[in-house]
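Student: Could you work out the structure for the sequence below:
(one chain, ligands or ions: 1)
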Amino acid sequence: MSLQSRNSHIDLLLTTADAPDPVIAGLLSDPDATEELSAAAHQVRIARKGSHTKQRGLIEITNRCLNNCLYCGIRAANRTLERYTLSHNEIVAAAKYAYSQGMRTFVLQGGENPAVTDTMVTDVVRELKSTMPDAAVTLSLGERPYDIYRTWREAGADRYLLRHETYNPAHYRSLHPAAMNRENRLRCLEDLTALGYRVGTGFLVGSPGQQLSHIIEDLRFIQLLNPGMIGIGPFIPAANTPFADHKAGDVGLTLRCVAILRLMNPDADIPATTALATLGGPDAQQKALCGGANVVMPKFTPPEARELYHLY
Ligand code: SAH
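Tutor: Here you go, the predicted structure:
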């Protein structure tokens, strides 16, 4: 793509909510567009979100999971992994430490673990909200029934992260076992929104079999959902999963997606994710923060547990 047509495509994205597919596809597929897209996204981020980078303290509360997402290192079928579940007191202590380090949002993330009961999460949320009332609690505990989301919301949970992973039905099928379905995940996002959570969603970049057209579907879905937060990261092959031998997602493509997401969703919070930093190093994370992203999520998981939370 010539410099001139690239700039006019970026202008089009800046000025219309619905730039045509070929425009988006052209920008996504052009490595030379990364710098200009990032610069345009950075301007929008500064204008709408300011230059301040928000910090969210991530606490990985369990690596036990009932599900078998084909890409995920903590999938149930991965028998090689030593499993852990933090206790109520360990989670609260990690959050208090994060608070002492300046965090005012905690993200409690984990697998779909039946031992992390509805009641346990409710009690933890209540304690965090009563002891640190100026902090927000974000949950990222996967797909649950409406009533459980409601109980957690009533206990004080403010936000919920649940990536849709991919919007395309056939691609979703190829990344997940038959026991999971995309409709339920989308139902969860609807329920969470209806319950008044600030919702975060997102997708994998470069998952095996992903086409550019799938990414465009993801971008359109997100724009329509209009979530408060959008987290995306490159697929990274995880040991002992069916995708262990596939190639990783592309850092440049992920950065272009971050920038396009910022242009399409000027007011959303967009993290420079751990997966991006793992694959591309601090340099890639820095590029995301100068290319549309405005959030980082430092880990406050106790060190022994952190060693075992291997998504990839
Ligand atoms: N059980 C929760 C939390 C999942 S882990 C849930 O279902 O939401 C958080 C995110 O890690 C997932 O949504 C997925 O997008 C990402 N992830 C998992 N495996 C990955 C991999 N191999 N490479 C990159 N990201 C991965």
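
Student: Could you pick out the residues of the stretch 151-300 of the chain near the ligand for me?
Tutor: By Cβ under 6 Å from any ligand atom, the residues of the stretch 151-300 of the chain that approach the ligand are 162-163, 165, 204, 233, 235-236, 238, 275. C-betas here are computed from N, CA, C, even on glycine.

Student: Would you map the strands across the chain?
Tutor: Counting by DSSP state E, one finds strands in the chain at the ranges 54-55, 57-62, 105-110, 136-140, 159-161, 198-201, 204-205, 229-230, 233-234, 295-296.

Student: okay if I get those as a markdown table plus mean pLDDT and mean neighbour count?
Tutor: As requested, those are exported to a markdown table (pLDDT from 0 to 100; neighbours: other Cβ atoms under 10 Å):
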| stretch | mean pLDDT | mean neighbour count |
| --- | --- | --- |
| strand 54-55 | 98 | 16 |
| strand 57-62 | 98 | 25 |
| strand 105-110 | 98 | 24 |
| strand 136-140 | 98 | 22 |
| strand 159-161 | 98 | 25 |
| strand 198-201 | 98 | 23 |
| strand 204-205 | 98 | 26 |
| strand 229-230 | 98 | 26 |
| strand 233-234 | 98 | 26 |
| strand 295-296 | 98 | 20 |
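
Student: Now distance to Y149 too, for those, in TSV please.
Tutor: Supplementary listing: these in TSV, determined by distance: least, Cβ to Cβ, whole Å:
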stretch	distance to Y149
strand 54-55	24
strand 57-62	17
strand 105-110	14
strand 136-140	9
strand 159-161	7
strand 198-201	11
strand 204-205	23
strand 229-230	16
strand 233-234	24
strand 295-296	23
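
Student: Identify each buried residue in stretch 264-274, please.
Tutor: Buried residues in stretch 264-274, counted by 16 or more other Cβ atoms under 10 Å: 264-265, 268-274.

Student: and which of the residues you listed is nearest to H88?
Tutor: The nearest member of those to H88, counting by Cβ to Cβ, is T274 at 25.0 Å.

Student: Please name the nearest non-neighbouring residue to that closest one.
Tutor: Nearest in space to T274, with sequence neighbours left out and distances taken as Cβ to Cβ, 6 or more residues apart in numbering, is M297 at 6.6 Å.

Student: Count the residues that sit near E127.
Tutor: Other residues within reach of E127, judged by other Cβ atoms under 10 Å, total 18.

Student: That one contacts V92, correct?
Tutor: Yes: taking contact to mean Cβ atoms under 8 Å, the distance of 5.6 Å between E127 and V92 places them in contact.

Student: And the residue nearest the centre of the chain, its phi and psi?
Tutor: Closest residue to the average C-alpha location of the chain: G231 at 3.1 Å, with Cα atoms, centre = their mean. Dihedral angles of G231 (phi, psi; degrees, to the nearest 10) stand at phi -120, psi 120.

Student: How about the contacts made by it?
Tutor: When the contact criterion is Cβ atoms under 8 Å, 6 or more residues apart in numbering, the partners of G231 are 161, 163, 200-202, 270-271, 273.

Student: Now for the nearest residue to it once chain neighbours are set aside, how many residues are close by?
Tutor: What sits nearest to G231 in space, not counting adjacent residues and going by Cβ to Cβ, 6+ apart, is G202, at 4.0 Å. Counted with other Cβ under 10 Å, the burial measure for G202 works out to 23 neighbours.

Student: is it true that G202 touches P234?
Tutor: No: judged on Cβ under 8 Å, G202 makes no contact with P234 at a distance of 11.9 Å.

Student: Thanks again, I'm all set now.
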